[in-house]
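**Q** Pasting the sequence and the predicted model now:
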Amino acid sequence: MLCWVWLSALLIYHHTTALFVALIVFGIYLMPFWIRSPERAPRFRLMVVYLVILFGYIAYLTLSFAGYFTSLNAALGNLANGILGTARPSPLATIATTNQFTFERAVIRSVDVAMIIVVFSLIGWTVVRRKVYNSLGIILSGFVVGTAFAAAFLLGWGGFGAFFIRISALSAVVSILGTGYLITHLRPGDARKIVALGILVIVVSPFAYLSSDAAQPGAVRWSEYAALKWIDLHVGKDRPISSDSRLASPLIYFGFQEPIGFEDEGTNLCNQLGLVRIFDGLYYPDSPDAVSLALCSAAQMSGVQPDYAIYSALFAEKDTGVIGYLNSYVPASPNAGDMWDKVVTLDKVYSSGPSSLYKVTPTNGGCNGI
């Protein structure tokens, strides 16, 4: 029951985390049946609970198998185009910093990627051959199988952007566990090779971090925290609030159920172009109407009309930037805050200096009426 309550809570606010947890646990329960081991998972009833949550979430995530396969086909098509050299860069790459990889950074990252590939390949080979003999091996193999399932779902859901960012982080954690397991279970010569590769990863990792050009999320500043506290005291928890995803996450922790962040919408070209226009309108506006149009477009894309919108002038600082769902975006223009103040559909109800909260007046006739 505690596991069920825990995953249910995760499903509300951290959908991807809940999916990863469910898939990994599913992989652990699957392993004894696959390798025909006498060791079984603790409780079959608990497995049923996880399976119900898992497939319920998958149904919610993909809406239909047809939708999943359509998205998967687009993702695989992009991969084929990339291999053939005919791929067109995503429009989001023009404003995203995390997707801007140089050749030097790709070489540096190849070290930790190689570690992940080696660990997953060695453990995966034992799974294929059904040569897992102890409980630790069963659990770790379940982690690997669950991660593979998660990769397959993310590939169809968010394309290769979601696959690379989210699965690489999860795979790194599993590889750390797998490295310790392999060192104690491989022949001495093979174990020394794993240790050498691990040392190389440790040495190169600082350079990989320093070579990153992604905008740093930083901590929530005191002025932003003051604005969040005011919102917590004076705004209903069920009211939709438009924000970039950097402040959308703190809003979730304050208990707000409908924060609207600046999110990547997968491989759909029209949605990506729409997101670029929204980004330019919110953070690089040339007029107040551009802000109003961007807010209206964001409401149409998300399907939720915000009652409030929050903006922080700190988004224009180089060490802050605008942190999105799958990407880190370049900082806003210095005059963006002034443009927000002049929007006729925004009524400023609170300001802590750099951070401001606006009451949003819906436009008549949709975005075309702006």
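**A** That came through fine.
**Q** in the stretch 201-350 of the chain, what spans have low per-residue confidence?
**A** In the prediction, the stretch 201-350 of the chain carries residues with pLDDT under 70 at positions 211-219, 245-246, 262-269, 319-328.
**Q** which residues of it fall in strands?
**A** Counting by DSSP state E, counting those that start in this stretch, the stretch 201-350 of the chain has strands at residues 241-242, 259-260, 308-312, 322-323, 328-329, 346-351.
**Q** and of those, who's closest to residue 248?
**A** Nearest to residue 248 among the strands of the stretch 201-350 of the chain is strand 259-260 (3.9 Å), distances taken as Cβ to Cβ. All C-beta atoms are positioned from the backbone trio N, CA, C, and that covers glycine.
**Q** biggest helix in the chain, by residue count?
**A** Residue-count comparison of every helix in the chain, with assignments taken from DSSP state H, identifies helix 135-162 as the longest.
**Q** avg pLDDT for it?
**A** Confidence over helix 135-162 (mean pLDDT, whole number) is 76.
**Q** Could you pull out the helices in the chain for me?
**A** Using DSSP H, the helices assigned to the chain run over residues 2-13, 15-34, 44-62, 65-84, 103-128, 135-162, 168-185, 188-210, 222-234, 245-253, 269-283, 288-302, 336-341.
**Q** got those helices as JSON lines, with distance to residue 367 and mean neighbour count columns?
**A** Below are the helices of the chain laid out as JSON lines (distance: least, Cβ to Cβ, whole Å; neighbours: other Cβ atoms under 10 Å):
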{"stretch": "helix 2-13", "distance to residue 367": "29", "mean neighbour count": "13"}
{"stretch": "helix 15-34", "distance to residue 367": "28", "mean neighbour count": "20"}
{"stretch": "helix 44-62", "distance to residue 367": "28", "mean neighbour count": "15"}
{"stretch": "helix 65-84", "distance to residue 367": "25", "mean neighbour count": "14"}
{"stretch": "helix 103-128", "distance to residue 367": "38", "mean neighbour count": "16"}
{"stretch": "helix 135-162", "distance to residue 367": "25", "mean neighbour count": "21"}
{"stretch": "helix 168-185", "distance to residue 367": "36", "mean neighbour count": "17"}
{"stretch": "helix 188-210", "distance to residue 367": "41", "mean neighbour count": "13"}
{"stretch": "helix 222-234", "distance to residue 367": "26", "mean neighbour count": "16"}
{"stretch": "helix 245-253", "distance to residue 367": "22", "mean neighbour count": "19"}
{"stretch": "helix 269-283", "distance to residue 367": "10", "mean neighbour count": "19"}
{"stretch": "helix 288-302", "distance to residue 367": "4", "mean neighbour count": "21"}
{"stretch": "helix 336-341", "distance to residue 367": "17", "mean neighbour count": "18"}
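**Q** Throw those into CSV and include distance to residue 347, thanks.
**A** As requested, the helices of the chain are exported to CSV (distance: least, Cβ to Cβ, whole Å):
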stretch, distance to residue 347
helix 2-13, 29
helix 15-34, 33
helix 44-62, 35
helix 65-84, 39
helix 103-128, 45
helix 135-162, 35
helix 168-185, 40
helix 188-210, 43
helix 222-234, 14
helix 245-253, 19
helix 269-283, 17
helix 288-302, 12
helix 336-341, 11
